[in-house]
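J.: Next one to model:
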Amino acid sequence: MRAGIVVSVTPQDRIRLEAIVADRNTRQKHAARARVIVATAEGCGTTEIMRRSGLSKPAVWRWQERFMHEGVDGLLRDKTRKPGKPPLLSFTMLTMNATDHNLLRDYHRPDDEKRIIVILPESQYSAWLNAPASEGMDFIRHYPADKLVATPVAPKLPKIVHPGLD
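T.: Numbering: from 1, shown residues only. From the prediction side, this is the model:
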């Protein structure tokens, strides 16, 4: 363990940590952090802790230090970003078959598969993000046709190439 880091695990902490590791519904990142502290309490060296937790050396040290200062609760939350550092934004776009959708079934070429983007109402964002994978399909529904506007567009024209001007 790094100099200056002293991890002392109370019997209550150990019960909580082992419960986190054993619970199959625990987020994997929390289970890995708990494994770091359990292995540390068992006297394992950093290399063995890295092997058991699957984390890098800096990550092992980070969670040992966090536990030293904040206990088990510190392992179960992520630090907020530094002021001025923009969040890393990402997204996923889900689509579903729209053959039976009241509006979009009439769009696309007759032989093409009809697809619609899954639009999740804002009131369901939190439930979607925190739902177990087994319940994910419960959110996948056609968006009501009366809340959509579809406008036909002209077919895409071929690109005109001008030799020497590219």
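
J.: where exactly do the helices run in this structure?
T.: Taking DSSP state H to define them, one finds helices in the chain at 11-22, 28-41, 46-53, 57-75, 125-130.

J.: Need the winner for burial among those.
T.: Per-stretch averages of neighbours, counted by mean count of other Cβ atoms under 10 Å, single out helix 28-41 among those, with a mean of 21. Quick note: C-beta positions are derived from backbone N, CA and C, even for glycine.

J.: Quick check: which of the helices of the chain is nearest to P87?
T.: helix 125-130 (14.6 Å; Cβ to Cβ).

J.: could you dump the helices of the chain to CSV with distance to Y143 and mean pLDDT?
T.: Formatted as CSV, those follow (distance: least, Cβ to Cβ, whole Å; pLDDT from 0 to 100):
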stretch, distance to Y143, mean pLDDT
helix 11-22, 38, 92
helix 28-41, 32, 92
helix 46-53, 42, 90
helix 57-75, 39, 91
helix 125-130, 14, 82
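
J.: can those helices go into JSON lines with extra columns for distance to K159?
T.: Shown next, in JSON lines, are those (distance: least, Cβ to Cβ, whole Å):
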{"stretch": "helix 11-22", "distance to K159": "57"}
{"stretch": "helix 28-41", "distance to K159": "47"}
{"stretch": "helix 46-53", "distance to K159": "53"}
{"stretch": "helix 57-75", "distance to K159": "49"}
{"stretch": "helix 125-130", "distance to K159": "39"}
